[in-house]
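I would like the atomic coordinates for the input below:
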Amino acid sequence: MRLITVIVFFLCFCMDANTVVLTEKQLNGKKDNDNSKFETIALKYLGLEENDCAMHLIVQKKLPYADQTVIVIPEYISESRNEDDEFDVNLHILLIDTTSEKVISYYPDEFVEISDAIKLGSISIDTGLFILNEEYRAFGIVVHHNNFRRHGHYTSSTISLFIQKNKTLQMVLDSLITNYTRGEYSGCEGDTETMKSVLIISDKQTNNFKNIIVKNTENHTFFERDKGITIEDEFKDYPCIEREENFTNQYTLQYVNGRYQKIN
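Got it, this is the predicted structure:
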């Protein structure tokens, strides 16, 4: 049936969206010594032990434009520390000099993420071309959540942008939703919804920082049983009726009071 095909597509898409950033060696089942080394450096800097952290969520990535490595250490701030249970973490974000192996910058504020019915699936680091002005190029911390149930699913990704100011990392964009999928279905009835965003760095500036244009593409698909089919025929191989609605919209983020904000 058409509905089953669509559901499988969404599940594959969602699983792909929640893939942790890995090195080639890790993909081959080998332990990357540099990764382990930087984890140790970060934990020592923070005064944390491995059992204080959600080790399965730690992620790191070398910046392509500097000899520096970003690492994210999720510290448990809840009593629960089971990755299959509900838990809260504070994301510590550090910038390490790849050569000297010293921490050169750190995000000092809380960056709390919650894993409950909607599970914190993974974290990744985006080193795209977030060139905000001649002085600052940002990197992104992307947080992926998901929830899969028998008759529905939900996934989402948010991005937060950071720049380095001396020995401190500053968040300039806070948890912007960049994509989500949602579906509710039972038999041949239900609907699915998706949204994907593209961030474009504009030439226009506000307070010496380039504006960010957010372009959204949305799809809403509805499924229903043919009105001529009776409830008794629900489990027979009748095609579902499918109807789609597609939307596009965009808005601009401007740098005001130290953060990118949507200005009406």
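
centre of the chain versus stretch 107-114, how much separation?
15 Å (CA atoms, centre = their mean, to the nearest Å).

Mind listing what's buried along it?
107, 111, 113 (16 or more other CB atoms under 10 Å). C-beta coordinates here come from the backbone N, C-alpha and C atoms, glycine included.

Run through the strands of the chain in chain order.
Ranges of strands in the chain, per DSSP state E, are 59-62, 68-76, 87-97, 103-106, 112-115, 119-131, 137-149, 152-165, 168-186, 189-206, 209-224, 241-256, 259-262.

can those strands go into JSON lines with extra columns for distance to N51 and mean pLDDT?
Shown next, in JSON lines, are the strands of the chain (distance: least, CB to CB, whole Å; pLDDT from 0 to 100):
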{"stretch": "strand 59-62", "distance to N51": "19", "mean pLDDT": "97"}
{"stretch": "strand 68-76", "distance to N51": "9", "mean pLDDT": "97"}
{"stretch": "strand 87-97", "distance to N51": "13", "mean pLDDT": "97"}
{"stretch": "strand 103-106", "distance to N51": "21", "mean pLDDT": "97"}
{"stretch": "strand 112-115", "distance to N51": "17", "mean pLDDT": "94"}
{"stretch": "strand 119-131", "distance to N51": "18", "mean pLDDT": "95"}
{"stretch": "strand 137-149", "distance to N51": "22", "mean pLDDT": "93"}
{"stretch": "strand 152-165", "distance to N51": "26", "mean pLDDT": "95"}
{"stretch": "strand 168-186", "distance to N51": "26", "mean pLDDT": "94"}
{"stretch": "strand 189-206", "distance to N51": "37", "mean pLDDT": "95"}
{"stretch": "strand 209-224", "distance to N51": "39", "mean pLDDT": "94"}
{"stretch": "strand 241-256", "distance to N51": "39", "mean pLDDT": "94"}
{"stretch": "strand 259-262", "distance to N51": "34", "mean pLDDT": "96"}
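
Could you dump the buried residues of stretch 107-114 into CSV and include distance to I123?
Converted to CSV, the buried residues of stretch 107-114 look like this (distance: CB to CB, whole Å):
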residue, distance to I123
Y107, 14
F111, 11
E113, 8
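
Could you single out the nearest of those residues to F222?
Nearest to F222 out of those is E113 (CB to CB; 32.4 Å).

Pretty sure the closest one sits against K119.
No. The criterion here is CB atoms under 8 Å, and E113 misses it with K119 at 10.8 Å.

give the contact list for the residue lying closest to E189 once chain neighbours are set aside.
Using CB to CB, 6 or more residues apart in numbering and skipping the chain neighbours, the partner closest in space to E189 is E224 (5.5 Å). Neighbour list for E224: 188-189, 240-241, 243 [criterion: CB atoms under 8 Å, 6 or more residues apart in numbering].

For the buried ones among these, write the corresponding ChimeraX selection.
For the buried members of those, the matching ChimeraX selection, counting by 16+ other CB under 10 Å, is:
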select :188,240
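
now, which of the contacts of E224 sits nearest L132?
R243 (41.5 Å).

you'd agree the closest one is up against F222?
Yes. Between R243 and F222 there is a contact under CB under 8 Å: 4.6 Å.

where do the contact lists of those two overlap?
Common neighbours of R243 and F222 are not found (criterion: CB under 8 Å, 6+ apart).

just to revisit the earlier point, which one among the buried residues of stretch 107-114 gets closest to V89?
E113 (5.5 Å).

For that closest one, which residues are in contact?
Taking CB under 8 Å, 6+ apart as the test, what E113 contacts is 74, 88-89, 91, 120, 143.

And E24, what's its pLDDT?
pLDDT, E24: 37.

do the same with F111
Here the pLDDT value assigned to F111 is 96.

Quick one: residues contacting it.
By CB under 8 Å, 6+ apart, the contact set of F111 is 90-93, 141, 160, 171.
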